[in-house]
Each structure stands twice: as C-alpha cells, then as structure tokens.
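K.L.:
here is a sequence with its predicted model. Questions after.
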Amino acid sequence: MGGDAMKIGFFGAGKVAVSLGKYFKNNGLDIAGFYSKTFASTEFARDFTETNGYSDLESFVLDCDIIFITTNDDELVNGFNEISNFDLENKIIVNTSGSYSSSIFSNARELGAFPYSLHPIYPFSDKETSYKNLGQAVFTLEGAEEKLSLVKGLVEGCGNKVILMKGDKKTYHLACAMASNLTLALLSLSSKYLQKVGFNEEDSIAALRPLVESNINSIFDKGFVNSLTGPVVRGDVDTIEGHLSKLNEGDKEVYKRLSLELLDLSIERNGLSNKYKKINSILGGNENEKY
C-alpha cells in the first residue's frame, strides 16, 4: 500500500489501537486518527501518535478509508452499528479480534463496505511500549476477497508476515490462548508448588526464568521433538509416580494430559518402549494401536 493516500482510523483508543497506530505511523502509513467515547483516551492516542483526535463520529468516518474497530469483542457489533449511520461505501472495515471473523460485520457488504479481521499474534501489555516489538509479530487475516491483497500488503509493507486464515477463528484463538494465557497459568501453578518448599513468589519467578527461557528458545530453534527433556522422555516411571503423589487432586488431570502429549512426542523421537507403555498406563492414556 506504501505511498497511496488511503487514511487509517481507529474506532476505540485502547492498547491495541494506540500500539497499532504508533507502529503503522512509524512505518510510513497515513493515520487519520482516533475516535473514542472517552475523549481522554482519544487525547492520549492523539498526542502519543502525533495524529488527530475526533470528537465527532461523522467527521471521523468521512476522513477514513480504512476503519479499525478496536473495541473489546463484546462491543464490535455496536461499534460497527454506530459507524453504519454514515456512508461506508468503499470503506475497509477491520476488526482486530482473535475470536471473531469478519462475518461479525454481517451487513457490511450491503452498505458497500469490505469487512476484514486482522489479528496480531502478540500481547499488548500497555499503550506506551507494546508498539516497539510489533515488528516481530505474525498477523492473521481473513475477509472479503476484493481488498484482501491490499490489507495484506499494508501489514507486509511494515515488514510483518501475514498468514491468510482458514477455518474457525475460535479454534485459532484457542491455540493462541493456550500458548499465552494458559502458559501463564501453568507457570503460576509451578510457582505455587515451589512456594510449598520455601520459595516466595519473587524467588520462584527468578528461579523459573532461565528454565523457561532455555526451553522456549530451544523449541524455537529446534522444534518440539528435538527439545524434549524431563522424566517422560527419559522413561522415569518412579519420578512420574512421585509427581502424581504430590499433586493436588485438581491439578492431576492437567499434569496427566500434558504428560501424555510429551509421551506422544517422546515416542515420535525414540520409538515405543515398555517404559513408555507403563507411563501411558499410569497417566490413564488410551490403549490404542500405538501401544
């Protein structure tokens, strides 16, 4: 999209909007500005990105060729309904939801607009710093065929990889949540078990950091199978039974399910063994043809 005159606006001025606005502007895209029901948020976004802040919705819609609706998911339809009171002919309407596809803007085509869902696989922790590492993010995109390459080019022009989505976005968002939010929960559980043996939370985080970072970096460099460590891949039956004896009842199913995933990867690497068969039995795995 590079040097054309299309102007981008953001309906909503939270962390995602401000971060994307700053990032896009830094990469040479034309940002019209921000509209938010809370004008203090609009003012912050305007000042931080050195763009415009709108108090009049009609003026905002008129000025924008591409409108990102960056509200929370529950307000996406309401936001679209509000801008639908004005002429949307030939405008590109984009949500940044991980869970909802472009079809949430169900009557966009009837109004002459082109709906899309563009989602960065990236955590937006705050308004002032999140934009700095957005260059590392992969974006996913789906929507109307007519302008798909244009929207894709907008992001690729900033240097990001864009993957065209296929299938259900709920499944996609589930995958992202497992890698992000549920990983946080798993580490929180680990910290709580360390606190049972004398650590405080701060010390547990410090102790876990090199362990977690080393494993994550190994996965990124070598893939899942080649990064395996621990009692499952070694076939340490006694250690696994010891773990199970110390787990709270509510945590046992989490441990078993994740360990069965490790067992599948271990068999992929090393082949089936009697120890792996026993571990499968201990963890309550299915006795399928693999065993």
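P.N.:
Nice, thanks for sending it over.
K.L.:
what are the ranges of the helices in the stretch 51-200 of the chain?
P.N.:
Along the stretch 51-200 of the chain, the segments classed as helices by DSSP state H, counting those that start in this stretch run 57-63, 76-83, 148-156, 169-179, 181-195.
K.L.:
CSV for those helices, including mean pLDDT, mean neighbour count and distance to residue 247?
P.N.:
(C-beta placed from N, C-alpha, C; glycine too.) Shown next, in CSV, are these (pLDDT from 0 to 100; neighbours: other CB atoms under 10 Å; distance: least, CB to CB, whole Å):
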stretch, mean pLDDT, mean neighbour count, distance to residue 247
helix 57-63, 97, 17, 54
helix 76-83, 97, 18, 40
helix 148-156, 97, 18, 44
helix 169-179, 94, 14, 20
helix 181-195, 97, 14, 8
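K.L.:
which residues of this structure score low on pLDDT?
P.N.:
Across the chain, residues meeting the criterion (pLDDT under 70) sit at 1-5, 289.
K.L.:
and it, what are its domains?
P.N.:
If you go by automatic domain parsing, the domain ranges for the chain are 8-166, 178-282.
K.L.:
now the end-to-end length of the shortest one.
P.N.:
In this case it means domain 178-282. Distance across domain 178-282, first residue to last, is 25 Å (CA to CA, to the nearest Å).
K.L.:
please shift the residue numbers so they start at 46 in all later answers.
P.N.:
I'll keep to 46 as the first residue from here, and by that count the last item is domain 223-327.
K.L.:
next one: that domain to chain centre, how far?
P.N.:
Taking CA atoms, centre = their mean, to the nearest Å, the mean C-alpha location of domain 223-327 is offset from the chain mean by 23 Å.
K.L.:
and what of the first one?
P.N.:
Put simply, domain 53-211 sits 16 Å off its chain's centre (CA atoms, centre = their mean).
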